[in-house]
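[1] coords please:
(one chain, ligands or ions: 2)
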Amino acid sequence: MTYPVALTIAGSDSGGGAGIQADLKTFQERGVFGVSALTAVTAQNTLGVQRVGMVEPALLKAQLDSIGADFQPTAVKTGMLGDSFTIEQVVQAIDAYSWTTVIVDPVMVAKGGHTLLEQEAIESLTQLLLPKASIVTPNVPEMELMTGLKIEGDSSARKSMEALLKSGVTAVILKGGHRTGPLATDLYLDQSGREFSLSTPRLATHQTHGTGCTFSAALTAELAKDHSVEAACTVAKRFIQAALQYPLSLGAGHGPTHHAAYRVYGQGEGEKQDAQAPILHYGHVR
Ligand SMILES: Nc1ncnc2c1ncn2[C@@H]1O[C@H](COP(=O)(O)OP(=O)(O)OP(=O)(O)O)[C@@H](O)[C@H]1O
Ligand SMILES: Cc1ncc(CO)c(N)n1
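    Numbering: from 1, shown residues only. Ligands and ions are numbered 1, 2, ... in the order given. Predicted coordinates for the structure are as follows:
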């Protein structure tokens with residue numbers, strides 16, 4: 001059996017909590033060999049984004065070609081893409097190398113408010129990249145920007161998921177970090193009409209830098225190992241819950257999550273059953 005390989009196509013976060021760094025740390029934690037193609041370099045820490053530079057297009061293409069020529073990633077994840085041109089290049093590589101399991105984290109704005117995707121590129125993302133994607137994992141503001149629909153409650157959340165499925169993406173996971181209430185609930189809906197939700201107690205923490213990257217990287221790692229979508233979602237939810245529950249207290253702002261926490265403090269299974277383990281609800285997402 002060959003060791004599973006996952007590819008992340010994303011921006012570098014010098015602060016180490018999000019972007020490529022979060023993805024590779026998470027892949028490693030989950031027993032998957034991570035390869036990467038950098039789209040951008042950010043000067044960033046827990047206080048915010050100080051500077052962004054895009055990787056020149058020819059250099060991005062060279063990275064994608066180097067990977068495509070020598071590795072067979074069984075899952076590919078996209079994070080910060082920055083602009084339309086980058087999205088077009090990623091789509092070309094997906095086609096050229098027949099990457100079939102593609103998880104799109106539609107990164108648009110960093111926690112501090114810094115833009116990580118040009119406004120005009122949102123359309124390229126929904127029209128060019130989502131039709132190639134297996135799962136897209138928006139947070140609430142990203143979902144509103146992609147669909148133009150306001151999310152105020154469960155029924156508008158559901159409508160926006162149905163609207164996004166029209167792009168051709170196989171499945172949507174609407175993340176609940178930006179919603180309110182005692183539970184952090186992520187909603188899953190796919191083209192076949194299958195739906196479920198994953199809930200964990202909402203933790204009162206500001207150490208949330210990179211939660212979205214970490215969640216989608218864990219999901220990607222599990223899919224790279226050929227686990228089912230449902231099993232992958234459950235592990236990803238447990239992984240991010242543990243990472244939030246055992247903070248590292250680094251930096252003066254929104255600190256990073258603890259990427260090793262799930263391995264170190266328990267996996268929510270058997271004797272190690274974690275009190276904060278997610279509740280998997282089947283059935284209707286309303
Ligand atoms: N306070 C919290 N307690 C428990 N789980 C949380 C909390 N905040 C976020 N989550 C979970 O973390 C995951 C990421 O969701 P979130 O909505 O924060 O993503 P995001 O906004 O894209 O993150 P980022 O932009 O920081 O990368 C989801 O599974 C969500 O439910
Ligand atoms: C490079 C990068 N990618 C993604 C995010 C979103 O958390 C971030 N802050 N920085």
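
[2] which one is the residue positioned nearest the centre of the chain nearest to, not counting chain neighbours?
    In the chain, the residue lying closest to the centroid (C-alpha atoms, centre = their mean) is Ser216, at 2.8 Å. Nearest residue to Ser216, sequence neighbours excluded (C-beta to C-beta, 6 or more residues apart in numbering): Asp105, at 4.1 Å. Every residue, glycine included, has its C-beta placed from N, CA and C.

[3] Neighbours of that neighbour, how many?
    Neighbour count of Asp105, defined by other C-beta atoms under 10 Å: 29.

[4] List the residues that contact it.
    Counting by C-beta atoms under 8 Å, 6 or more residues apart in numbering, Asp105 touches Lys77, Thr78, Gly79, Val136, Thr137, Gly212, Cys213, Ser216.

[5] and with 6 Å instead?
    Gly79, Thr137, Gly212, Ser216 (C-beta atoms under 6 Å, 6 or more residues apart in numbering).

[6] quick check, nearest of those residues to Gly11?
    Set against Gly11, the nearest of the contacts of Asp105 by C-beta to C-beta is Gly79 (6.4 Å).

[7] For that closest one, give its distance to Ala157.
    Separation of Gly79 from Ala157 (C-beta to C-beta, to the nearest Å): 23 Å.

[8] low pLDDT regions in the protein?
    Where the chain drops to pLDDT under 70, the residues are 267-286.

[9] Next to ligand 1, which bits of it? Give me the list.
    Proximity of the chain to ligand 1 (C-beta under 6 Å from any ligand atom) is limited to residues 18, 111, 139, 175-178, 184, 186, 200, 202-203, 205, 208-213, 215, 237, 240-241, 244.

[10] Take those and keep only those in helices.
    Residues of the residues of the chain next to ligand 1 located in helices (DSSP state H): Thr211, Gly212, Cys213, Phe215, Lys237, Ile240, Gln241, Leu244.

[11] ok, and the most crowded of the residues you listed?
    Neighbour tally across those (other C-beta under 10 Å): the maximum, 32 neighbours, falls on Ile240.

[12] Of the contacts of Asp105, which pair is most distant in space?
    Gly79 and Thr137 (10.2 Å).

[13] Which parts of the stretch 1-150 of the chain are helices?
    Secondary structure of the stretch 1-150 of the chain (DSSP state H, counting those that start in this stretch): helices at 19-29, 57-70, 84-96, 121-124, 140-147.

[14] what's the most buried one of those helices?
    helix 19-29 (a mean of 25; mean count of other C-beta atoms under 10 Å).

[15] Out of the contacts of Asp105, which are close to ligand 2?
    Near ligand 2, judged by C-beta under 6 Å from any ligand atom, the entries from the contacts of Asp105 are Gly79, Gly212.

[16] gap between Gly253 and ligand 2?
    Distance, Gly253 to ligand 2, using C-beta to the nearest ligand atom, to the nearest Å: 12 Å.

[17] got the residues of this protein near ligand 2?
    By C-beta under 6 Å from any ligand atom, the residues of the chain that approach ligand 2 are 10-11, 13, 18-19, 42, 44, 79-80, 107, 110, 116, 210, 212-213.

[18] Among those residues, which one sits closest to ligand 1?
    Checking those against ligand 1 with C-beta to the nearest ligand atom, the nearest one is Gly212 at 2.3 Å.

[19] contacting residues around the closest one?
    Asp105, Asn139.

[20] try it again with 7 Å
    Gly212 is in contact with Asp105, Thr137, Asn139, Lys175, counting by C-beta atoms under 7 Å, 6 or more residues apart in numbering.

[21] can you check Val35 too?
    Contact analysis of Val35 by C-beta under 7 Å, 6+ apart lists Val5, Leu7, Ile67, Phe71, Pro73.

[22] Most neighbours among those, which one is it?
    So for these (other C-beta under 10 Å), the most neighbours sit at Leu7, 30 neighbours.

[23] what about the strands in the protein?
    Along the chain, the segments classed as strands by DSSP state E run 5-13, 33-45, 48-54, 75-78, 102-104, 135-136, 171-174, 183-190, 195-201, 279-282.

[24] Just say which of those is most tucked in.
    Greatest average neighbour count among the strands of the chain goes to strand 75-78 (a mean of 29), per mean count of other C-beta under 10 Å.

[25] Understood, closing this out.
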